[in-house]
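In: Coordinates only, no sequence provided:
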């Protein structure tokens, strides 16, 4: 009987052990790191475009030319009213240095270093005289004017006589350039009334054809034909070719 009681007690203990809650095994928890907040996009300005530097203009290089005719007058300033410094024989060589406004007169240097102005049409050269830089004359005053047509287009090759008042008055001449402007240079001492009048049309004018005839047979005229000027001139003169 005692053996049964002991056996029963052992079974009871085992049953209680089987019914007791077991201690749960620890579960490993992996923490997911919080995502860092996204930074706002930063705008980076594009670098400004690099300008391609323009090539520097080639400096003018004086070139040789020659007198086209005998007794070519080298003058102190551009114009027929200025002193003659020297007369050049045909084929006398010199260096082309500059040109006057309008390009009718060329500033040159002789072999002996003497400088002065020559009339461009009496210079022999295979170079373009008009590529020379402009040189403003000193000790001179200027009468200038413009010739245009009714469409406001400049008329080149129009010749004007610029003459003082009175008997045997001094006279010079000037021709309009490609911009329709003429430049007449006078000695600084010139004063009083002068007359500017139309005298001729050059064969190189846009109103002439290749055979030096009036374009389309119509020669045209200028208005006004004459303007009085009191020196010193203040405003450029204006002429209409029609």
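Out: Received the coordinates, thanks. What you are looking at is a predicted structure, and each value in this text was computed from that prediction instead of being measured. Numbers count the residues shown, from 1 in each chain.
In: Secondary structure element for the residue nearest to the spatial centre of the chain, which one?
Out: Centrality entry for the chain: nearest residue to the mean C-alpha point is residue 57, 10.6 Å, by Cα atoms, centre = their mean. Here residue 57, judged by DSSP states H and E, is contained in no helix and no strand.
In: For it, give me its contacts.
Out: The contact partners of residue 57, by Cβ atoms under 8 Å, 6 or more residues apart in numbering, come to none. For every residue, glycine as well, the C-beta is placed using N, CA and C.
In: Tell me how far it lies from residue 131.
Out: If you measure residue 57 against residue 131 using Cβ to Cβ, to the nearest Å, the figure is 11 Å.
In: care to break the chain down by domain?
Out: The domain map for the chain lists 60-136, 139-242, with the assignment taken from automatic domain parsing.
In: mind putting the ones you listed in a markdown table, distance to residue 52 included?
Out: Compiled in a markdown table, the domains of the chain are given as follows (distance: least, Cβ to Cβ, whole Å):
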| stretch | distance to residue 52 |
| --- | --- |
| domain 60-136 | 25 |
| domain 139-242 | 31 |
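In: mind giving me TSV with those domains and columns for distance to residue 51 and mean neighbour count?
Out: Putting the domains of the chain into TSV (distance: least, Cβ to Cβ, whole Å; neighbours: other Cβ atoms under 10 Å) gives the following:
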stretch	distance to residue 51	mean neighbour count
domain 60-136	26	16
domain 139-242	31	15
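In: Could you dump these into TSV and include mean pLDDT?
Out: What follows is those, written out as TSV (pLDDT from 0 to 100):
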stretch	mean pLDDT
domain 60-136	98
domain 139-242	96
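In: residue ranges for the helices of this structure, please.
Out: Along the chain, the stretches classed as helices by DSSP state H are 2-19.
In: residues in contact with stretch 124-136?
Out: Residues from elsewhere that reach stretch 124-136 (Cβ under 8 Å, 6+ apart): 60, 63-68, 91, 96-101, 103, 106-107, 120, 123.
In: Please narrow those residues to those residing in strands.
Out: Using DSSP state E, 63-67, 96-99, 106-107, 123 are the members of the contacts of stretch 124-136 that sit in strands.
In: closest to residue 85 among these?
Out: Within the ones in strands among the contacts of stretch 124-136, proximity to residue 85 (Cβ to Cβ) peaks at residue 107, which comes in at 12.1 Å.
In: Quick check: chain neighbours aside, which residue is closest to that closest one?
Out: Nearest residue to residue 107, sequence neighbours excluded (Cβ to Cβ, 6 or more residues apart in numbering): residue 98, at 4.1 Å.
In: where's the one you found relative to residue 116, distance?
Out: Between residue 98 and residue 116 the distance, using Cβ to Cβ, works out to 12 Å.
In: With residue 68 instead?
Out: Taking Cβ to Cβ as the measure, residue 68 falls 16 Å from residue 116.
In: Thank you, goodbye.
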